[in-house]
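Engineer: Any chance you could fold what I've pasted below:
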Amino acid sequence: MSDTFRALRAHKTDAGQEVRFEDLTLDDLGDGDVVVRVDYSTVNFKDGLALTGKSPIIRAWPLVPGIDFAGTVESSGHAEFKPGDRVVLNGWGVGESHNGGYAQKARVKGDWLVKLPDAISTAHAMAIGTAGYTAMLSVLSLERLGVTPDKGEVLVTGAAGGVGSVAIAVLSKLGYQVVASSRRKDTEGDYLRGLGASDVIDAADYQVAGRPLARERWAGAVDAVGSHTLANVLAQTRYGGVVTACGLAQGMDLPASVAPFILRGVTLAGIDSVMRPKADRVEAWSRLARDLDLGKLDAMTSPAALADLPRVGAEIVEGKVRGRIVVDVNA
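Structural biologist: Numbering: from 1, shown residues only. Here you go, the predicted structure:
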């Protein structure tokens, strides 16, 4: 049996960076007390930025990108894990400063891993990925801050993307009336309604400067877009409502007013998925096993192989990817 395995690795160049398919050994992977035989990874928006070099995501060179993966423990020096355990990893700087999921093996700290619930396969875990796990963290935040299904409509921005797609599926199963905002309203309307959206609105209406306060509509919102979109969502949020913010597809700026916060008591809840405490991760994956319809997950998922990553990375940054991508690193 060969000691080498296939990987996609990014290298720093005079012109910026380039990615290469290479054969690696465990010595190339860095520190960690658990070795995982990777089954699947995925492509999140952050992965697209890393693969294309559009944003300085990668902070160590050379590096295997891929901010999450799912697979089976091959060897372990960590008390919580043993060979044969099915595990998932999201965040912790993996794919940024530590070698990540775009390889057939990974070596990481056991503290970064979560055991997969029995109901979720490694393929489904990466159909969920960091995007879906972040969506579940957003739903949990809405619940904890008092946004219940009887409070009114919940808006999901960037609805056709990974976070948005999973958020719609979960919220609708929990009984919320979900409105989807997408710049692809005409082409993605049927898809979004199939996930559970009761209505689909044009994201273009939110992508320009708006009023500090607008007509109240949303009891809550899951925003993966940022910038003017987030500002306009806040301006339309009802008294006591909650908006979760987890993305910056439109930009990192927030050209908003304090008016929604001090006049309507609106809460803006930031959702970090990278450094989230272990207990929150376990809860999120447990809830995904219970509250995400795997049939809807399959409907939003497309397959890819390791060789497809440069192309898919560019497409997701360009807004051309619907839903979720599952990357079979052994294909």
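Engineer: Can you give the domain ranges for this structure?
Structural biologist: 5-116+300-328, 131-270 (automatic domain parsing).
Engineer: low-confidence ranges in the stretch 201-331 of the chain?
Structural biologist: Within the stretch 201-331 of the chain, no range satisfies pLDDT under 70.
Engineer: Spell out the residue ranges of the strands in it.
Structural biologist: 218-223, 237-245, 267-270, 301-305, 324-328 (DSSP state E, counting those that start in this stretch).
Engineer: who wins for proximity to Gly32 among those strands?
Structural biologist: Nearest to Gly32 among these is strand 324-328; the distance by C-beta to C-beta comes to 20.9 Å. From N, CA and C alone the C-beta is placed, and that goes for glycine too.
Engineer: Using CSV, write out every CA atom in the closest one.
Structural biologist: Extracted C-alpha coordinates of strand 324-328, given in CSV (Å, rounded to 0.1, in the frame of the first residue of the first chain):
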residue,chain,number,x,y,z
ARG,A,324,-24.2,22.8,-2.1
ILE,A,325,-21.3,20.9,-3.8
VAL,A,326,-20.0,17.6,-2.5
VAL,A,327,-16.4,16.8,-3.5
ASP,A,328,-15.4,13.2,-3.6
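Engineer: for that strand, packing partners?
Structural biologist: Applying 3 or more C-beta pairs under 8 Å, 6 or more residues apart in numbering; DSSP states H and E, we find strand 324-328 packed against strand 34-42, helix 122-144, helix 162-173, strand 301-305, helix 309-317.
Engineer: residue contacts, the residue lying closest to Ala235 once chain neighbours are set aside?
Structural biologist: Residue nearest to Ala235 in three dimensions, not counting chain neighbours: Ala214, with 4.4 Å by C-beta to C-beta, 6 or more residues apart in numbering. Contact analysis of Ala214 by C-beta atoms under 8 Å, 6 or more residues apart in numbering lists Asn232, Ala235, Gln236.
Engineer: any idea how far the second one is from Glu74?
Structural biologist: I take that to be Ala235. From Ala235 over to Glu74 the distance is 51 Å, taken as C-beta to C-beta, to the nearest Å.
Engineer: Neighbour count for these two, which is higher?
Structural biologist: Neighbours per residue (other C-beta atoms under 10 Å) separate Ala235 from Glu74, with Ala235 holding more: 23 against 17.
Engineer: What is the burial count for the nearest residue to Ile325 once chain neighbours are set aside?
Structural biologist: Counting by C-beta to C-beta, 6+ apart, Ile325 lies nearest to Val43, which is 4.6 Å off, once chain neighbours are set aside. Neighbour count for Val43, taken as other C-beta under 10 Å: 32.
Engineer: Check His98 too.
Structural biologist: Based on other C-beta under 10 Å, the number of other residues close to His98 is 21.
Engineer: wait, it sits on Val108?
Structural biologist: Yes - in this structure, His98 is within contact of Val108 by C-beta atoms under 8 Å, at 6.9 Å.
Engineer: Give the residues shared as contacts by those two.
Structural biologist: Gly32, Trp92.
Engineer: ok so, going back, nearest to Arg6, of the strands of the stretch 201-331 of the chain?
Structural biologist: strand 301-305 (10.5 Å).
Engineer: Quick check: the gap between Arg9 and Ala307.
Structural biologist: To Ala307, Arg9 is 14 Å away according to C-beta to C-beta.
Engineer: who touches both of the two?
Structural biologist: Applying C-beta under 8 Å, 6+ apart, one finds that Arg9 and Ala307 are jointly contacted by Phe21.
Engineer: Look at the two and report which has more neighbours.
Structural biologist: Comparing Arg9 with Ala307 by other C-beta under 10 Å, the one with more neighbours is Arg9, at 19 against 12.
Engineer: so Pro83 is in which element?
Structural biologist: Under DSSP states H and E, no helix or strand contains Pro83.
Engineer: Name the nearest residue to it, sequence neighbours excluded.
Structural biologist: Val73 (5.4 Å).
Engineer: Need the pLDDT of that neighbour.
Structural biologist: As predicted, Val73 sits at a pLDDT of 98.
Engineer: now do Phe81
Structural biologist: Reported pLDDT for Phe81: 98.
Engineer: so is it in a helix, a strand, or just coil?
Structural biologist: With DSSP: H, G, I helix; E, B strand; the rest coil as the basis, Phe81 sits in coil.
Engineer: was I right about it contacting Trp112?
Structural biologist: No - counting by C-beta under 8 Å, Phe81 stays clear of Trp112, with 10.8 Å between them.
Engineer: for stretch 105-119, how far is the first residue from the last?
Structural biologist: End-to-end span of stretch 105-119 (C-alpha to C-alpha, to the nearest Å): 23 Å.
Engineer: Would you mark the buried spots in it?
Structural biologist: Lys105, Ala106, Arg107, Val108, Gly110, Trp112, Leu113, Val114, Leu116, Pro117 (16 or more other C-beta atoms under 10 Å).
Engineer: With stretch 80-88 instead?
Structural biologist: Phe81, Asp85, Arg86, Val87, Val88.
Engineer: Output that stretch in PDB with nothing but the alpha carbons.
Structural biologist: Extracted C-alpha coordinates of stretch 80-88, given in PDB (Å, rounded to 0.1, in the frame of the first residue of the first chain):
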ATOM      1  CA  GLU A  80     -12.200  10.900  22.400                       C
ATOM      2  CA  PHE A  81     -11.600   9.300  19.100                       C
ATOM      3  CA  LYS A  82     -10.600   5.800  17.900                       C
ATOM      4  CA  PRO A  83     -10.000   4.200  14.500                       C
ATOM      5  CA  GLY A  84     -13.300   3.800  12.600                       C
ATOM      6  CA  ASP A  85     -15.100   6.800  14.100                       C
ATOM      7  CA  ARG A  86     -16.900   8.900  11.600                       C
ATOM      8  CA  VAL A  87     -16.100  12.500  12.100                       C
ATOM      9  CA  VAL A  88     -16.600  16.000  10.600                       C
END
